[in-house]
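Q: sequence plus the predicted model coming up.
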Amino acid sequence: MLQAARDPEAAMSRLCWCCDIRFLQQFFDVTTQDVVKRVGLALLPFKAVNTQGMSDFRMKPDFYGPFWIATTCIIFLAATGNYAQLFTGEMASTDINFFWVAAGVVYGFLIGVPAIAWIMSKMVAGAGTDAVKWITLTCVYGYSLFVMIPVSILCLIPSSIARWVVVIAGLVDSLVFILMNLYGDLESSLPRFRFILIAFIGSAQVALFLTYRIYFFMNWQNK
């Protein structure tokens, strides 16, 4: 008891790994150059073939980039959705609900999709086998959200067709990034299950992009 009182950090780490500051620190130990490089790979995923970036997510995953990317996405999705509605006269004032919906959807997908994918992999590979790490899944999925930032800006174009084209292009970009950075691990560790897991993550990404396009740009005047 006395030792725990003297070292509360050690006591907390024994209760749960997520309370271990030393354990969590490694996932925020990235440089600006690392984050910029990974963001570049998320925007131009085909470049991953000729660089070392493809293995970076497996060898040194981080939470710093995914957290700030998701937070920035929330701000941009809510802001551009509101601006587009105000610009076209479909709403008389800003809607704070856009922010809460964006936060719930983006953070929910960032936490939920990798967690469910990891649980699915454990069920197939066995509880004692780490076929693909949850941390790697979260890192790759988090960086795949970055493309939503330029997509949201381009969706300010007052054209329904242009918005659909931009959203679909962003979706394809993010799907290619996810595929190129997870397929290699899944092919070696879960050869028979890899298509199902990739399909699940891809379906979640489709749902996320469609939610943005449909919910944030629907005609609220006619609701």
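A: Cool, got the structure. Numbering: from 1, shown residues only.
Q: how far off centre is stretch 201-215?
A: From the chain centre to the centre of stretch 201-215 is a distance of 12 Å (CA atoms, centre = their mean, to the nearest Å).
Q: got it, and stretch 171-190?
A: On CA atoms, centre = their mean, the centre of stretch 171-190 falls 14 Å from the chain's centre.
Q: buried sites along it?
A: For stretch 171-190, burial by neighbour count (16 or more other CB atoms under 10 Å) applies to 171, 173-182, 185-186, 189-190. Every residue, glycine included, has its C-beta placed from N, CA and C.
Q: surely Ser144 and Ser174 touch.
A: Yes: contact status for Ser144 versus Ser174: in contact at 4.4 Å, counting by CB atoms under 8 Å.
Q: between these two, which contacts overlap?
A: By CB atoms under 8 Å, 6 or more residues apart in numbering, Ser144 and Ser174 have these common neighbours: 42, 205.
Q: what is the burial count for Met59?
A: For Met59, the neighbour count with other CB atoms under 10 Å is 9.
Q: could you list the low-pLDDT ranges of the protein?
A: 1-29, 47-56, 88-93, 125-131, 189, 191, 219-223 (pLDDT under 70).
Q: tell me the contacts of the residue nearest to Leu43 when sequence neighbours are not counted?
A: Spatial nearest neighbour of Leu43, chain neighbours left out: Val147 (6.2 Å); criterion: CB to CB, 6 or more residues apart in numbering. With contact taken as CB under 8 Å, 6+ apart, Val147 is in contact with 42-43, 170, 173-174, 177.
Q: same question, Gln205
A: Listed by CB under 8 Å, 6+ apart, the contact set of Gln205 reads 144, 171, 174-175, 178.
Q: so Ala115 makes contact with Tyr141?
A: No: in this structure, Ala115 is not within contact of Tyr141 by CB under 8 Å, at 10.1 Å.
Q: higher neighbour count, those two?
A: A count of neighbours by other CB under 10 Å puts Tyr141 above the other of Ala115 and Tyr141, at 26 against 13.
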